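Participant: Fold the following for me, if possible:
(one chain, ligands or ions: 1)
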Amino acid sequence: MKDFDYLGKNDIYLDSACQSLRPRPVQEALLEYYNKHNSCGERVKYDWGVTTDKKVEATRDKVLKYLKLKKRDYFVSFTLNTTYGINLILSQLDVKKLGIKRVITSEIEHNSPFLSTMTFAETHKIRREVVPRLDSGEMPEDYDYSNAVVVVNSVCNFDGRRLENIKTLTKIIHKAGGILIIDAAQGLAHDKDLLEKTDADAICFSAHKMYAPSLGGIIMKRKLLPFIHTTFVGGGMVDDVLRDKYFLSAENKDHAYTKFEAGLQAWGEIIALGKAIDWLEERTKADHERLEELSQKLFDALKSHEKIHVLNTEARPTISFYVEGIDSHLLGAALADQGIMARTGYFCVHYYLDHVRHYPPLVRFSLGYHTREEDIEKVIKALEKI
Ligand SMILES: Cc1ncc(COP(=O)(O)O)c(C=O)c1O
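Facilitator: Coordinates of the predicted model:
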């Protein structure tokens, strides 16, 4: 694809689940900010700042539009990454006011929600439950979600399984007096359909996993705002400050996003995220099909070898496996010698992969729109040789 023309012929990048490659237009949007209007947002009156403000505001709108959400119902704040977003929400949630008595996560979660739900339970002296997820990726619908904060991913980071029943699950959780926080770290690049018109209470995402620069985001239901007890505070969040008191700008519905944006923001990165969303919206049916075909080809090749144990039950752009008799870290190094960039280990899912399933360290290939047919052929050949 021309937007990745900087990629060397022998550079086979298969670590998109960690960070996507950034297409040229996204890189250019970031450079344009540095070269043409490098300025602070929301504080300055000069032209550069006005341009920055307009573009940042446009990005907030694009995030909502991308998921077909209404500005009336949701707002978008920017953070560092998904981990930071989930922690920011959980550490400031007013549990008493919300009537929360439990926190629920699933077995296949990344350490990001897995650990933060532990500290949340400890802080509030409430029970934490770790629910097995179905092989299909769904959360059980007959589980008791009453008065619980539920934090789960929409797409899993080692086998790409999807939370297909997210809509029903959201209804069940709400009916039971709970709230749903979605870890959408893997969910916005190739699987945003799951979150379109969502009724989830909050969605945390990482722009760097959706073809944008390093940046995080929180999409939150406005109705949840009164239940956030703001303790992480600083510049850019207040309308006025007295000696021992301050007045948060988030009280004004047009500035709700300031609730989570303490201090100066990554203006250039935010603007480039806007460009990444435009770019993602421009992907054609053929682009999606190509990614699916390449994923299928790799999945079939891996599955066809009796010594290769693939974790996926179906082809997805993220595929994990181990090879009987070969240490995955050594395999990763051998692949790296041939220009193949893959990940090895447990991908921050230690609990499930190591302690529940007792898998040896794994290899993960994660594809993106930049992946070429010849990359997959080379990977298959390299594996056969090894
Ligand atoms: C499912 C999932 N959740 C959370 C994270 C954490 O993302 P970040 O490191 O950007 O906070 C990742 C990162 O790989 C992930 O795959």
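Participant: List the residues that contact residue 118.
Facilitator: Neighbour list for residue 118: residue 128 [criterion: CB atoms under 8 Å, 6 or more residues apart in numbering]. Yep, even glycine has a C-beta here, placed from its N, CA and C like the rest.
Participant: now it, what's its secondary structure?
Facilitator: Following DSSP: H, G, I helix; E, B strand; the rest coil, the label given to residue 118 is helix.
Participant: Could you check the pLDDT of it?
Facilitator: Note for residue 118: predicted pLDDT of 98.
Participant: One more: residue 42?
Facilitator: We have a pLDDT of 87 for residue 42.
Participant: heads up, I number from 852, so please use that
Facilitator: All right, first residue 852 from here; so that's residue 893.
Participant: Then it would be within a helix, right?
Facilitator: No. Remark: residue 893 does not belong to a helix; assigned using three-state DSSP, it is coil.
Participant: Please verify my assumption that it contacts residue 1086.
Facilitator: No. The criterion here is CB atoms under 8 Å, and residue 893 misses it with residue 1086 at 10.1 Å.
Participant: Between those two, which is the more surrounded one?
Facilitator: Comparing residue 893 with residue 1086 by neighbour count (other CB atoms under 10 Å), the higher total belongs to residue 893, at 17 against 10.
Participant: Name all residues that make contact with the more buried one.
Facilitator: Per CB under 8 Å, 6+ apart, neighbours of residue 893: 904, 907, 1087.
Participant: Now do the contacts for residue 978.
Facilitator: 952, 953, 954, 972.
Participant: and the residue nearest the centre of the chain, which of the three is it?
Facilitator: The centroid of the chain falls nearest to residue 1036 when counting by CA atoms, centre = their mean (1.1 Å). Under three-state DSSP, residue 1036 falls in the coil class.
Participant: Roughly how far does it sit from residue 910?
Facilitator: Counting by CB to CB, to the nearest Å, the separation of residue 1036 from residue 910 is 18 Å.
Participant: same question, residue 964
Facilitator: Distance, residue 964 to residue 910, using CB to CB: 25 Å.
Participant: And for residue 1182?
Facilitator: 40 Å.
Participant: And the two? Which one has more around it.
Facilitator: residue 910 (28 against 21).
Participant: That one belongs to a helix?
Facilitator: Yes. Under three-state DSSP, residue 910 sits within a helix.
Participant: Which of the helices or strands spans the nearest residue to it once chain neighbours are set aside?
Facilitator: Of all residues not flanking residue 910 in the chain, residue 1125 sits nearest, at 3.5 Å (CB to CB, 6 or more residues apart in numbering). Per DSSP states H and E, residue 1125 falls inside helix 1118-1132.
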